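Novice: Sequence plus the predicted model coming up.
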Amino acid sequence: MLDTRELENAKSMSIIVTKGSLDWAYPPFILGTTAAAMDVDVTMFFTFYGLPLLKKDLNLKFTPLGNPAMEMPMMGGHMAMPNVVGMLPGVGAMAGGMMKNLIKKKGVASIPELREAAIESDVKMIGCQMTLDLFEYDRADMIDEMEIGGAATYMEQALKADVNLFI
């Protein structure tokens with residue numbers, strides 16, 4: 001059991017979210033919602049490839065390419081996928097389907113569920129203005145709860161945060 005007296009100094013946290021694939025979406029949302037549940041004031045700044053996580057319609061992709069540490073439980077063991085296999089057409093979609101099935105089978109919350117939990121927990125989610133402009137995203141395609149700000153907006157939060165994470 002966690003002694004909450006240990007958390008007296010940790011009152012705020014900022015997270016820079018830079019990746020938007022299925023596997024990379026989990027760490028910031030899990031850490032952010034967990035901290036918010038522990039009464040930590042959380043700001044998440046979504047920039048570059050992390051910004052699509054704030055789209056109303058999520059279409060999360062998964063790629064095993066460049067992730068040699070990925071092992072999937074199969075036939076009572078764990079099977080690693082060599083990088084060369086990840087380059088074959090359809091392998092990313094297959095691996096993504098396997099990952100989604102495993103997440104569901106194990107009862108792990110989906111990214112849409114975790115994002116909703118973040119909203120309900122008053123996690124401040126800032127979409128990077130420069131990234132919106134750079135990749136020509138339409139604000140109407142993003143969730144209503146997203147605030148828009150730039151690097152200076154993030155820095156205002158980060159400079160006074162007790163914990164800063166880059167994911």
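Specialist: In hand now; what should we look at?

Novice: so where's the chain uncertain?
Specialist: By pLDDT under 70, the weakly predicted segments of the chain are 1-10, 64-75, 78-92, 94.

Novice: element containing the spatially most central residue of the chain, please.
Specialist: The residue lying closest to the centre of the chain (CA atoms, centre = their mean) is residue 25, at 2.8 Å. Assigned by DSSP states H and E, residue 25 belongs to helix 22-37.

Novice: ditto for residue 148
Specialist: strand 147-149.

Novice: same for that strand, what does it pack against?
Specialist: Packing partners of strand 147-149 (3 or more CB pairs under 8 Å, 6 or more residues apart in numbering; DSSP states H and E): strand 124-128, helix 129-134. Where you see a C-beta, it was placed from the backbone N, CA and C, and this is true even at glycine.

Novice: before we move on, the earlier item: where's the nearest residue in space to the residue nearest to the centre of the chain that is not next to it in sequence relative to residue 12, distance?
Specialist: Distance criterion CB to CB, 6 or more residues apart in numbering; nearest residue to residue 25, sequence neighbours excluded, is residue 111 at 4.8 Å. Using CB to CB, to the nearest Å, residue 111 is found at 24 Å from residue 12.

Novice: what's the answer for residue 102, then?
Specialist: Residue 102 is 34 Å from residue 12, where distance means CB to CB.

Novice: More neighbours: which of those two?
Specialist: Neighbour count, other CB atoms under 10 Å: between residue 102 and residue 12, residue 12 has more, with 16 against 12.

Novice: Please identify the deepest-packed of the helices and strands packed on strand 147-149.
Specialist: Highest mean neighbour count of these: strand 124-128, a mean of 23 (counted as mean count of other CB atoms under 10 Å).
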